[in-house]
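> Kindly generate the corresponding structure for this input.
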Amino acid sequence: MATISTQLRNFKEPTREQLNLLFFALPPEVEHYGRENGAGELEKIEVGAILSLGVQGVEEAYTGRLHLIPPYLTFASLDRKSVKFTVPLSTIRRVERLNAKAGVYALSLSLWHGMKIVVQITSLRPTADLFCSLLRDALKVELQLGQMKAVKTFVQTCYSEILISNASAEADEKNGREPSTSKIEALPASDQNSPYLGGLGLKFKFPGDARKLREASKTKLWTAYLKAHGRNLTLIRYPQCTRLVQVGLPNRLRGEMWETLSGSMYLRFTNPGLYEKILEENKGRTSTSTEEIEKDLHRSLPEYSAYQSEDGIGALRRVLQAYSFKNPETGYCQAMNILAAAILIYMSEEQAFWLLEVICDRLLPGYYSPSMHGTLLDQRVFESLVHRCLPILHDYFTSVDVQLSVASLPWFLSLFINSMPMVFAFRIIDCFICMGPKVLFQVGLGKSMMFHSTILKINGEQLLQIQDDGGFIHLMRDYFSSLGDSAHPESPDPRARAITRFQELLLVSFREFAVITDDTIQGERRKFRGEVVHSIESFSKRAAIRNLKTLERFSKDQAGLIYDALFKAICIEPPPETMMPTPALLTTKDWQEERPETRVGLKTFKVFLSEIATWARVEKIVSNGFQQRVEREVAEHELIDRLFYFWDTGYNGALSFQDLVSGLDGVMFNDLMENIEWFFNLHDKNKDGYLTKDEVLTLSESLLFIFRFEIGDAYLGAVSRFMSNAFEYGDALLPRPEGAEEYATPQIESNVPYMNLATFRMVVLADEILESFFEADFTGTFKLEPVPMMDIPSHNGLLGDLWTSLTSDDNKKIFNRFTDGVGRAVGKHQIFHRPAIGKFTALEEPKARESLLTPTMRRSASKASLKSGDSDSAPPASASAPANLNVPASEEAVTPAAFSPMPTMFEAAANAAAAFMERTPFAIDDAKDEDEESDEESEGLEDDVMDEVDAFLEAHDSGLTAAEQEAAQDLINAEPVK
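Residues are numbered from 1 along each chain as shown. The predicted model follows:
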């Protein structure tokens, strides 16, 4: 079975709107919001704005861009990293225009959690009025859809609600006030035992020691931040948020923050109950993906206690199966089990399902696909960055043939979960979800600027001593296992001794490699995408040829040329998606589906055949006095349709790669008699061994179609003689009813048996031109030649893109039409059709027909001759040798998919597969009881955490002058317009 995909060639650079959706972590469905809900297309708008919180002195004001993308309102500062928020419109409870100074257009937005934000619109007054009008319309739609009522139920599933509620109650008791009513009391009775969603860690404990991880101090800092800056659906991300994420998320809050920062929370909010619905609709269904999932379940973090019980295994099974059912094209990919098992420790099944969707589709596209093209592309990018930043190590690894991807591939695929202790891997995942994929490159690459060391620069002398991949992996494993050790154990400063190697790693990664941005990664991906795509296509081609049940009489090189023609046809005319019958139509729950095999329909087959057979295409040589070009078009005729269904021996309505190889084998190696029989069987519709009169006419039309562009009338005369001889001889062999006149022609229906194979052979062999055609010319029209492939779209900078746009196919057609018009005006425009056979180069008159009937047959028709018609009465003809396939030498021909492969990358993927399943147990991951810290310890540890926070602090320019800051602060106390 061969699965041929051209998806990688169809890659298009994301548009500005798509990049905005990705930046604000919005679902792709937002682009069609409104139409799906019957509210009509809701207009989007972007305006300049200054953002400030409604509490004096909490945060500075920031200037940026405010986006209305129904059903969300988003904001990003000008540097696109200091401040941003994504707020569902359903969480906005009140919008007021503030009574500000003349020329100031300001709005006050009250959100669900009681927080107020002030937005000063800096765009022109008409634009500001339009923004307010569109915002009002979008809020009305949300109200009509009932989304505002759904917020109350949804936020009760978030742990931050309990955290803030308990903190407020403790503050009230401390101040002597009566505690306010908690929102958690409003939960339904059925949810009192589980007021918020959580992961397996609530039952099986979280990895690591809570005291060493300073959970209480982190929780206290996060409680203060969430109380002032919103939470879950209304979180506003200021610089302090990113710094707190780099320090680490508390265990109980980690799952919710992953949801919020990644945007998967918006998917869960807008698709309530979809996860359970997918499981229910596919209950009992099995597939190739479910089989692979079952194999990997017990190899997913087996050292964690939850995955030694049915609770953990069952949850992991359901999440992976639900994802494979929702995304059948992706299904299940290796290492996806490691990722799902890790996030299930901190998240419920539904939360993990939606986060897995975001990671696989948005954050790491192509990582967990059948071709793993995203992973291979980023490995190539990573090697390029290593070459740029660490040239000495890169050159040494190259000289001793050490493949960096052998170690780095598991880092990227498992997000470091299988490479280092889980407590540290989860810290990296925190940063990855908050800051994006660049974190993987920053942490994986590292670089020593002064005396710091990170992954690839730590113990540089030891790295230069390794001689093979095994030594490199062993050294990296030793380093990862020591991440909890002190980075400066001999320092006299206790604060320096308290710095661990992991803290040093993060510090070097985020400070020294801050130059590696998202734009850097995207630029490198564009640079190497074509190379990786060619390598994957070459690998897929070899796999497809290797998986053929039989090569028939073709060599592997010839089968490769057939594959190239098929691949080009799929690129030009993609086949429709394979539709599988529903399980209920086949069997019961025991039904199992197989991974679909790529099959092409009639439209794609016509393009494929036009690359193989000269008569299946129209080649026009156009000359206009300025240029001479060859234009190729796909021919349309019943013969091509008939051939498609003739090769579809399985009656599938589509052809596979194996069907095409077997079909071509049945025509490209034939001799004279075999070609005649093949052509006869092609037109014998009901396969009864006879052609009807209609089928004889159809066969004649097929011959005329093949000969349509031949020079002269020789072939036309041959077809004319064939038709006359066929009907004359066929009528002579028909039985005559008793009492009929001797010379009367019997009358029969056009759809009854008329001519058998023996008669057809005799009629063909009676004509010298047709005999020559079936002996060698017909087989010679099938040519296996290197197929010129279309270039992969690429980004080559401004000038490169400009040249690409100027030389596009549409512009070439415009230029050709212009030159043709000029050529017609000066009388130099000519069009010649290239013949399919090209045997005759001069005009020849057709020969006169001679009757095939003997004098005896002319006098009367013999019944015995009809009965003995099965015997071959034609004169013997010598069999001809197989046709020349015109396969060029492998040294000279460069096939489209045979570009320089990257075997090291695929070998690395294969070698790393075993490494994924064997994870080194780290003692630091052992779950410990969460002992309560004393107030004295908490205060001391809190100071240490704040010191660590300040270590990551960098200056963030708000983009405002002192006067603008003062004006923004004045708006906080402004009164609404009455």
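
> Would you mind finding the longest helix in this structure?
Longest helix of the chain, by residue count under DSSP state H: helix 518-546.

> So for it, what gets flagged as buried?
Using 16 or more other Cβ atoms under 10 Å as the test for burial, helix 518-546 gives 521-522, 524-526, 528-542, 544-545. The C-beta positions use only the backbone N, C-alpha and C, and glycine is treated the same way.

> Show me where the stretch 451-600 of the chain has its strands.
Secondary structure of the stretch 451-600 of the chain, counting by DSSP state E, counting those that start in this stretch: strands at 592-593.

> shaky segments in it?
Along the stretch 451-600 of the chain, segments meeting pLDDT under 70 span 451-465, 577-596.

> now the helices for it?
Using DSSP state H, counting those that start in this stretch, the helices of the stretch 451-600 of the chain run over 460-463, 469-481, 494-497, 501-512, 518-546, 556-572, 583-586.

> Out of those, which gets nearest to residue 307?
Ranking the helices of the stretch 451-600 of the chain by proximity to residue 307 (Cβ to Cβ) places helix 469-481 first, at 21.0 Å.

> about what we covered before: and the angle for the longest helix of the chain with helix 556-572?
Counting by axes from the mean of the first three to the mean of the last three Cα atoms, to 10 degrees, helix 518-546 lies at 130 degrees to helix 556-572.

> Show me what helix 518-546 is packed against.
Counting contacts by 3 or more Cβ pairs under 8 Å, 6 or more residues apart in numbering; DSSP states H and E, helix 518-546 packs against helix 373-389, helix 438-445, helix 556-572, helix 903-917.

> Could you provide these in CSV, with additional columns for mean neighbour count?
Formatted as CSV, those follow (neighbours: other Cβ atoms under 10 Å):
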stretch, mean neighbour count
helix 373-389, 21
helix 438-445, 23
helix 556-572, 21
helix 903-917, 17
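
> helix or strand for residue 927, which one?
Counting by DSSP states H and E, no helix or strand carries residue 927.

> With adjacent residues omitted, what lies nearest to it?
Among residues not flanking residue 927 along the chain, residue 205 sits closest, at 3.4 Å (Cβ to Cβ, 6 or more residues apart in numbering).

> To what extent is the one you found buried, counted in neighbours?
Other residues within reach of residue 205, judged by other Cβ atoms under 10 Å, total 19.

> going forward can the numbers begin at 48, since that is how I track them
Renumbered: residue one is now 48, and that last one reads residue 252.

> you'd agree it is up against residue 972?
No. In this structure, residue 252 is not within contact of residue 972 by Cβ atoms under 8 Å, at 10.8 Å.

> mind listing what the nearest residue to residue 580 once chain neighbours are set aside touches?
Counting by Cβ to Cβ, 6+ apart, residue 55 is the residue found nearest to residue 580 once chain neighbours are left out, at 4.6 Å. Each residue near residue 55 by Cβ atoms under 8 Å, 6 or more residues apart in numbering is listed here: 418, 420, 580, 583, 584.

> Show the model's pLDDT score for residue 55.
For residue 55, the model assigns a pLDDT of 78.

> Likewise for residue 417?
What the model reports as pLDDT for residue 417 is 85.

> close enough to count as contact, it and residue 379?
No. Counting by Cβ under 8 Å, residue 417 sits too far from residue 379 to count as a contact (9.8 Å).

> Pick out whichever of the two has more residues nearby.
A side-by-side neighbour count of residue 417 and residue 379, using other Cβ under 10 Å, places residue 379 first with 23 against 15.

> Kindly list the main-chain dihedrals of the more buried one?
Residue 379 has phi and psi values of phi -130, psi 140 when expressed as degrees, to the nearest 10.

> so for stretch 132-146, what's the average pLDDT?
For stretch 132-146, the per-residue pLDDT averages 94.

> Same question for stretch 160-178.
So the average pLDDT for stretch 160-178 ends up being 93.

> before we move on, the earlier item: out of the helices of the stretch 498-647 of the chain, which is closest to residue 361?
Relative to residue 361, the nearest member of the helices of the stretch 498-647 of the chain by Cβ to Cβ is helix 630-633, separated by 21.8 Å.

> Spatially central residue in this structure, please.
Nearest residue to the geometric centre of the chain (Cα atoms, centre = their mean): residue 413, 5.3 Å.

> what's near enough to touch that one?
Applying Cβ under 8 Å, 6+ apart, the residues near residue 413 are 419, 420, 421, 422, 424.

> which one among those gets closest to residue 526?
Among these, residue 422 lies closest to residue 526 (Cβ to Cβ), at 22.5 Å.

> could you measure that closest one against residue 481, distance?
Separation of residue 422 from residue 481 (Cβ to Cβ, to the nearest Å): 22 Å.

> just to revisit the earlier point, would you format the contacts of residue 413 as JSON lines with distance to residue 73 included?
Shown next, in JSON lines, are the contacts of residue 413 (distance: Cβ to Cβ, whole Å):
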{"residue": "419", "distance to residue 73": "27"}
{"residue": "420", "distance to residue 73": "25"}
{"residue": "421", "distance to residue 73": "21"}
{"residue": "422", "distance to residue 73": "25"}
{"residue": "424", "distance to residue 73": "24"}
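
> before we move on, what SS does residue 275 have?
Assigned with DSSP: H, G, I helix; E, B strand; the rest coil, residue 275 falls in the helix class.

> With residue 254 as the reference, measure out to the closest residue to it other than its chain neighbours.
Using Cβ to Cβ, 6+ apart and skipping residues adjacent in sequence, the residue nearest residue 275 is residue 105, 5.5 Å away. When distance is defined by Cβ to Cβ, residue 105 is 34 Å away from residue 254.

> The two: who's more crowded?
Taking other Cβ under 10 Å, residue 105 and residue 254 do not tie; residue 254 has more neighbours (26 against 12).

> That one contacts residue 968, correct?
No. With contact defined as Cβ under 8 Å, residue 254 does not count as touching residue 968 (11.2 Å).

> since we're on residue 521, how many residues are nearby?
13.

> who are the neighbours in contact with residue 185?
Residue 185 sits next to 89, 115, 117, 118, 136 when contact means Cβ under 8 Å, 6+ apart.

> Next: residue 621.
Residue 621 neighbours (Cβ under 8 Å, 6+ apart): 53, 651.

> Now with 7 Å, please.
Residue 621 makes contact with residue 53, according to Cβ atoms under 7 Å, 6 or more residues apart in numbering.

> and what of residue 972?
Residue 972 makes contacts with 254, 255, 468, 469, 470, as judged by Cβ under 7 Å, 6+ apart.
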